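In: here are the coordinates; sequence isn't available:
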């Protein structure tokens, strides 16, 4: 008996000693770890990883960049039913415990000891916040102890509402969605406030296994989890039996929703992405920067359509190049054919398809989305075979002349009818700019960004051809020329240092008009006149002058071919240069970012572009106002050049633009040698737009600018000008309108029938009348084209 008591006492003392040592050890561990716990106060200003988002000037999403999709929400923005659902399944005693649920930990420990498996209910929401924000995912005793201490500290220093807000914004919920705001968008394409009870229950059930049991990857498992959440809500009396049964019967409607791009502008988005990455590095994708561009949503959408439609139209005019491929479809099920089509991307509404059957003037096929279609004769009769040098073959009369069974082709659906199509080989660019401050309002860098990421609006340098002539003519006006000055349109042979042989330029019509007024030469794009003007001005003077418009001197060829636009420029450069005419003589700088905010809406950067100011500039200036754009050419020169360029639109190479029925349109076409590049740069006092069309590997378009670049410009302007009232720049005080004889440029005689009105500086008005009975020359429409 004594021996038993002895061993009992010894065992008790051993246990007490062990307990004492463990208590001391835990106490020392607590004191050591507690002193090293991170500052919980930082959670009040925590910066979650939020993607970079790019918007139009009116807040429509252009693009989103970032590995993690997150839409931060405040506690007040979280539906109460979502909070109830989360607590009922994840942490029922959340509002009662102090960060650590002793009962929950006990139950989890006992179950682990009994079964050897990890049980639910061990970690509270507060402990998960501690782990997600401060600790690693490595499972060790020390980390768990830290987690418990941190949870207690977080619960003591933060409100329960703040803890829930942090948790619901941080937690991963599958499919790259972090936080409940992003999950609502990714799975349902909605904001949190718009989710119904069944959808909220689905979101609340995701934290347990977001990657493997979400409704996209495993709908059956996700439904089972959702129903469990609904059951817990009913058990806790958060919902009625009627609500419970109704939600249980709701089908699984979740599907993947990417960022809701409202205004596709991928070339713009890429410019912004590169700019922010260069400035912020990788943080650009995680700090939640919101970039508000100068892009105007209706303009960009119209620009996208104008470029795509006109390139497709050009492509049809030049014939059908045949199928992308042809495969043997004999005995192959539709599912197999559909999988094959997935190898071919879609572009701008053009869908890859397989031809399955051909009738006399019809064909049937299958798209890559397993959709059957019927191709009527009206949808394929355009497909004359494409031949060399822009020629097309004979008009087909039946479908088998165009298609074969098994052909892989591109088709397009328009107004419930299918059309045979093909991906254009040709490319284009369009830039729209506000000439009064440089804001870029629309920008398209090619037919399709996925097809080619090369931005032709900013990166492509091509010869502008005759669209460069206005800058030479402006130089002439500032050196004594007038719009009525006569210059001989006659053959010329030039020894040009920039050319290997003697240069014999010509007009495209192979005709010469003799003495021609300067304005008429610009309107009709007479090459000989431009060359003689440049020769008279001198290269040094001309190069120095045109550099005022933003052209770099080192890029300007030192030869008379400069008069015909033999330099290389980007559409952005040419648009910026034309803005000088549009705004009355000021040099503006294009800009794309209006302002940048952080995730809290605080403005981090605000653009302050130099603006055109026509009057009372100094009186209206404030310390925060933008600077004034510098004047680079006189106001009277800009006015005279705009008058001449209006003539190009009204009765010159751009006369097709008269369909817009406006008197404030001005611009110039440009078609380079062998019709390799086609341009139109046109403007009003409030909008400058340039279009360029060509092949990336230069070869002939077999069309002039008036038939390909100008229609694109017109299609854009039809929409863009709807909200811009017609107006003209103020006429400078030293400019007067005078009636002249159109053939000599001298004053018209009284009551002369064919006299025309021309603008002059007061000191440049002719001081003598022209001879009697003169007649103006008639120029055919063919002569309105230009080769350069």
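Out: Looks like it came in fine. Because the structure is predicted, anything quoted here is derived from the model rather than measured. Numbers count the residues shown, from 1 in each chain.

In: quick one: low-confidence parts of this protein?
Out: Per-residue confidence for the chain (pLDDT under 70) gives these ranges: 1-46, 103-122, 134-146, 496-499, 615-626, 772-788.

In: how is it carved up into domains?
Out: 1-36, 70-248, 321-421, 735-784 (automatic domain parsing).

In: strands paired with the host helix or strand of residue 683, and their directions?
Out: Using DSSP states H and E, residue 683 sits in strand 677-684. Note on strand 677-684: by DSSP bridges, its sheet partners are strand 666-671 (antiparallel), strand 687-694 (antiparallel).

In: check contacts around the nearest residue to residue 479 once chain neighbours are set aside.
Out: Nearest residue to residue 479, sequence neighbours excluded (C-beta to C-beta, 6 or more residues apart in numbering): residue 537, at 6.0 Å. (C-beta placed from N, C-alpha, C; glycine too.) Neighbouring residues of residue 537 by C-beta atoms under 8 Å, 6 or more residues apart in numbering: 472, 475, 476, 479, 545.

In: the first one contacts residue 546, correct?
Out: If I follow you right, that is residue 472. Yes: Residue 472 is within contact range of residue 546, at 7.1 Å (criterion: C-beta atoms under 8 Å).

In: show me where the stretch 101-250 of the chain has its strands.
Out: For the stretch 101-250 of the chain, no strands are identified by DSSP state E, counting those that start in this stretch.

In: I meant the stretch 401-550 of the chain, not that one.
Out: Counting by DSSP E, counting those that start in this stretch, the stretch 401-550 of the chain has these strands, from start to end: 407-414, 417-421, 427-433, 440-444, 486-489, 514-517.

In: who wins for proximity to residue 166 among these?
Out: strand 440-444 (39.3 Å; C-beta to C-beta).

In: in its sheet, what does that closest one sit against?
Out: Strand 440-444 has its sheet partners listed here by DSSP bridges as strand 427-433 (antiparallel).

In: quick one: residues in contact with the partner strand.
Out: Residues outside strand 427-433 that contact it (C-beta under 8 Å, 6+ apart) are 299, 303, 306-307, 310-311, 439-447, 452, 455-457, 460, 571-572, 575-576, 579, 590, 687-696, 712-713, 716, 720.

In: contacting residues for the residue sitting nearest the centre point of the chain?
Out: What sits nearest the mean C-alpha location of the chain, by C-alpha atoms, centre = their mean, is residue 265, with 1.8 Å. Contact analysis of residue 265 by C-beta under 8 Å, 6+ apart lists 56, 62, 63, 295, 300, 304, 442, 443, 444.

In: what do you get for residue 401?
Out: Here residue 401 is in contact with no residue (C-beta under 8 Å, 6+ apart).

In: same question for the one 4 residues further on.
Out: Neighbour list for residue 405: 329, 355, 356, 357, 358 [criterion: C-beta under 8 Å, 6+ apart].

In: how many neighbours does the third one have?
Out: Taking other C-beta atoms under 10 Å as the criterion, the count of residues near residue 356 is 17.

In: just the buried ones out of the contacts of strand 427-433, please.
Out: Applying 16 or more other C-beta atoms under 10 Å to the contacts of strand 427-433, the neighbour count classes 299, 303, 306-307, 310-311, 439-447, 455-457, 460, 571-572, 575-576, 579, 590, 687-694, 712-713, 716, 720 as buried.

In: need the winner for burial among the domains of the chain.
Out: domain 70-248 (a mean of 18; mean count of other C-beta atoms under 10 Å).

In: out of the contacts of residue 537, which end up buried?
Out: Using 16+ other C-beta under 10 Å, the buried ones in the contacts of residue 537 are 472, 475, 476, 545.

In: surely the second one and residue 546 touch.
Out: Okay, so that is residue 475. Yes: counting by C-beta under 8 Å, residue 546 is a contact partner of residue 475 at 6.4 Å.

In: ok, back up a step: dump the contacts of residue 265 to TSV, plus distance to residue 566.
Out: As requested, the contacts of residue 265 are arranged in TSV below (distance: C-beta to C-beta, whole Å):
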residue	distance to residue 566
56	38
62	37
63	37
295	33
300	33
304	32
442	29
443	26
444	26
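
In: now intersect the contacts of residue 405 with the strands, please.
Out: Under the assignment DSSP state E, the contacts of residue 405 contribute 355, 356, 357, 358 to strands.

In: right, and the strands of the stretch 401-550 of the chain - which one's nearest residue 129?
Out: Smallest distance to residue 129 across these (C-beta to C-beta): 43.6 Å, for strand 440-444.

In: quick one: that closest one to chain centroid distance?
Out: Distance of strand 440-444 from its chain centroid, counting by C-alpha atoms, centre = their mean, to the nearest Å, is 8 Å.

In: please apply the same query to stretch 685-702.
Out: The chain centre lies 19 Å from the centre of stretch 685-702; the measure is C-alpha atoms, centre = their mean.

In: quick one: the domains of the chain as CSV, columns for distance to residue 662 too.
Out: Formatted as CSV, the domains of the chain follow (distance: least, C-beta to C-beta, whole Å):
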stretch, distance to residue 662
domain 1-36, 73
domain 70-248, 41
domain 321-421, 29
domain 735-784, 19
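
In: and the two most separated of the contacts of residue 537?
Out: The span of those, defined through C-beta to C-beta, is set by 472 and 479 at 10.9 Å.

In: burial measure for residue 527, as a count.
Out: Using other C-beta under 10 Å, residue 527 is surrounded by 22 other residues.

In: just the helices in the stretch 551-700 of the chain please.
Out: In the stretch 551-700 of the chain, the segments counted as helices under DSSP state H, counting those that start in this stretch are 571-582, 617-620, 635-651.

In: of those helices, flag the one that's most buried.
Out: By mean count of other C-beta under 10 Å, those have helix 571-582 as the most buried, with a mean of 27.

In: now for that helix, which elements pack on it?
Out: Counting by 3 or more C-beta pairs under 8 Å, 6 or more residues apart in numbering; DSSP states H and E, the packing neighbours recorded for helix 571-582 are strand 427-433, helix 469-477, helix 635-651, strand 666-671, strand 677-684, strand 687-694.

In: mind giving me TSV with those and columns for distance to residue 611?
Out: Formatted as TSV, those follow (distance: least, C-beta to C-beta, whole Å):
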stretch	distance to residue 611
strand 427-433	13
helix 469-477	22
helix 635-651	16
strand 666-671	21
strand 677-684	17
strand 687-694	15
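
In: and residue 317, which of the ones you listed is closest to it?
Out: Between residue 317 and these, the tightest spacing by C-beta to C-beta is seen for strand 687-694, at 12.6 Å.

In: and the angle from the closest one to helix 571-582?
Out: 140 degrees (axes from the mean of the first three to the mean of the last three C-alpha atoms, to 10 degrees).

In: ok, then the element right after strand 687-694?
Out: Following strand 687-694 in sequence order, the next helix or strand is helix 705-720 (DSSP H and E).

In: so who does residue 442 touch?
Out: 265, 295, 296, 299, 300, 302, 303, 430, 431, 432, 716, 720.

In: before we move on, what about residue 352?
Out: Counting by C-beta under 8 Å, 6+ apart, residue 352 touches 324, 341, 344, 345, 346, 367, 368, 408, 409, 410.
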